[in-house]
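Novice: need coordinates for the following:
(chains A and B)
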Amino acid sequence: MEKVLETLNLSKSYGRIRAVKDLSLEVGPGHVYGILGPNGSGKTTTLSIITGIIAADSGSYRWFDREPRATMRKNIGSLIEVPNFYPYLDLVRNLVIVARIKDKPLDDIDRVLKLVNLWERRKSRFDTLSLGMKQRLALAAVLLGNPSVLVLDEPANGLDPEGIAEVREIILQERQNQKTIIIASHILDEVEKVCTHVAVLKNGEAIARGRVHELLAVDDPVIVSCGEADRLKEEIVRAGLSESIEKQGEKLVIILRKGKTAGDINQFAFSKGIVLDHLETRKKSLESQFLELIK
Amino acid sequence: MRSILLNEITKIWSYTAFRTIILLHFILFLLVVLVTSRLDITVPGFSTDYLYQFPNIWEFFPWVASWFNLLLAILIIVMTGNEYSFRTFRQHVVDGFSRSQLLSGKAFLMLMIGIYSLLMVLLFSMIFGFIFTSDYSGGAFIRKTYILLVYFVQAIAFMSAGFFLAVLFRNTALAIILFILYRLIIEPVMRLFFPPEARLYFPMKVIANLTPMPEFLSISSGKRPSGGGVDTLSFREMGLMAEDLPVLVNLMLAIGYTAIFITLAWWLLRKRNL
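Specialist: Alright, predicted model coming up:
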């Protein structure tokens, strides 16, 4: 299967600071790939390298299994950091410039302006827009010509809750259209809602990566309650089923060993003659998982 | 290539600073040629009218226009500096332009401004020339027209120097200040430390010398400089002006410097992060 993007041991330093270190990622077609990390973790540097604006010190990357070339970027809609437009030009003229660079038809400008709710402001100068509107115009530029790949760096930056919801809608819509989307964001809740895959960066290195549900499935705590909580705890520890087990009131909070499931606990309790009153798997949020990873 | 050119036109068309500088350039040139045409010199045997007659006007107007090349260079610095301050060079690369295409855009812009300037000088030379000339003998109309092309090369050379500084410093104000300082102070002072014959090879000197000051004494007395001869009144032959390099050598050197400025700018664009 053709990979949309593959990075191999990308590294980039700014003086003594290593922004990205031996970063290898693989993004397949139709993936919505979230790149997470605290400030300074190398997210923007990574996206800047793959969009051609900065050069990596070492390592390589390939788009569509081929060496990167400027013309490839015409079919990749990218928003890196902040919207960059001519402040003295109106919205339409700014998008005309983008459309010409990307070799896209000019009549697509109306469609994307309507899509991001800026059609009414099409004759306004860029410098008269609010931050949220500027961000939406940048999204319009990204969507010009219906590119097959989107690269978005903090797309919800500066947007109000309504704007964030609109951006999420657009991304979900594009995901439904089988687009490949690479997205760096701080808003973990948003990433969790839209991403299929995720990589967590810390100090320029990927400390975790994979499918979102797999990443979240790791270390999900199992909560049980029964009349013999102390005995069950002892039995579980003796059988080596858990990484950790903690009694909280009448309940046991169990972090299972790899490969064990809540069903195994139920079966185990039954085999020991203990009847469970309550059993649930508490899903971790991406946020709590992320915070644990970057600790 | 067409989209690069159209994009440059879109950028300048709605830009007030661009229109203001171009208008200023046009008005200043027009003002100088109008005012000097109205000068009434009462010295017997001398008349400024000769300056406005073919073929002298082909020498005089490009020289006057060359005073305002600084404005054209500033224009290029502003337009290039904008690309850095608006971060649009960066965005163009993200959107699919190569670094060479960024350079091509500004090369097109320099050509457009150079052609505008050339047409302005050509237009006014024709208007004033036809008004003031009564004697068209000896091919007076077409003689010295080559100076127009020399002037075009000069304008492009100045602008390419400005473009190089804008790419080097990525800051409009700094590039303008350094361009003016280099043109008016740094290079003239540097030249003083070199022997007279070497001074002629400095970039700003080479470019400025493409349109040397006309021989006013000989022209305004109705005599033409001949490079010798008893009837000729010449600043150079009177020792009031330094000798210049031959025009063709000067032209080749100016084209060479232009190529160096553009190549250095391209190298910087390729090597540095945007």
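Novice: show me the contacts for residue B:92.
Specialist: Residue B:92 is in contact with A:101, B:83, B:101, B:102, counting by C-beta atoms under 8 Å, 6 or more residues apart in numbering or on different chains. (Glycine included, C-beta is placed from N, CA and C.)
Novice: same thing with residue A:167?
Specialist: Shown here is residue A:167, whose contacts under the criterion C-beta under 8 Å, 6+ apart are A:135, A:136, A:139, A:155, A:156, A:159.
Novice: assign a three-state SS to it, would you?
Specialist: With DSSP: H, G, I helix; E, B strand; the rest coil as the basis, residue A:167 sits in helix.
Novice: distance from the chain centre to the helix or strand harbouring residue A:210, please.
Specialist: Secondary structure assignment for residue A:210, by DSSP states H and E: strand A:205-211. Using C-alpha atoms, centre = their mean, to the nearest Å, the distance from the centre of strand A:205-211 to the centre of the chain it belongs to is 11 Å.
Novice: buried set for it?
Specialist: A:205, A:206, A:208, A:209 (16 or more other C-beta atoms under 10 Å in any protein chain shown).
Novice: partner strands of it, with direction?
Specialist: Strand A:205-211 has these partner strands in its sheet, going by DSSP bridges: strand A:197-202 (antiparallel).
Novice: dump the C-alpha coordinates for stretch B:11-24 into CSV.
Specialist: Provided in CSV are the C-alpha atoms of stretch B:11-24 (Å, rounded to 0.1, in the frame of the first residue of the first chain):
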residue,chain,number,x,y,z
LYS,B,11,0.5,42.1,-5.4
ILE,B,12,1.5,45.5,-6.8
TRP,B,13,-1.9,46.5,-8.3
SER,B,14,-3.6,47.1,-4.9
TYR,B,15,-0.5,48.2,-3.0
THR,B,16,-0.6,51.9,-2.1
ALA,B,17,3.1,52.2,-1.3
PHE,B,18,4.0,50.8,-4.7
ARG,B,19,1.7,53.2,-6.5
THR,B,20,3.0,56.1,-4.4
ILE,B,21,6.6,55.4,-5.1
ILE,B,22,6.0,54.8,-8.8
LEU,B,23,4.0,58.1,-9.0
LEU,B,24,6.7,59.9,-7.1
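Novice: do that stretch and chain A meet at all?
Specialist: Yes - part of stretch B:11-24 sits close enough to chain A to count as contact by C-beta under 8 Å from any C-beta of the partner chain, namely B:11, B:14, B:15, B:16.
Novice: just the buried residues out of these, in PyMOL syntax.
Specialist: A single PyMOL command selects the buried members of these (16+ other C-beta under 10 Å):
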select buried, chain B and resi 11+15
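Novice: in helices, which of the residues of stretch B:11-24 next to chain A fall?
Specialist: Within the residues of stretch B:11-24 next to chain A, membership in helices is found for B:11, B:16, as judged by DSSP state H.
Novice: lowest pLDDT pick from the residues of stretch B:11-24 next to chain A?
Specialist: The member of those with the lowest pLDDT is residue B:14, at 90.
Novice: which one is whatever residue of the stretch 101-250 of chain A ends up closest to chain B nearest to, not counting chain neighbours?
Specialist: For the stretch 101-250 of chain A and chain B, the shortest gap (C-beta to the nearest C-beta) falls at residue A:101, measuring 4.5 Å. Closest residue to residue A:101 apart from its sequence neighbours, by C-beta to C-beta, 6 or more residues apart in numbering or on different chains: residue B:95 at 4.5 Å.
Novice: likewise for residue B:187?
Specialist: Nearest non-adjacent residue to residue B:187, counting by C-beta to C-beta, 6+ apart: residue B:204, 4.7 Å away.
Novice: let me see the contact set for the residue nearest the centre of chain B.
Specialist: With distances taken as C-alpha atoms, centre = their mean, residue B:155 lies nearest the centre of chain B, 2.9 Å away. Taking C-beta under 8 Å, 6+ apart, we find residue B:155 in contact with B:65, B:69, B:72, B:113, B:114, B:117, B:118.
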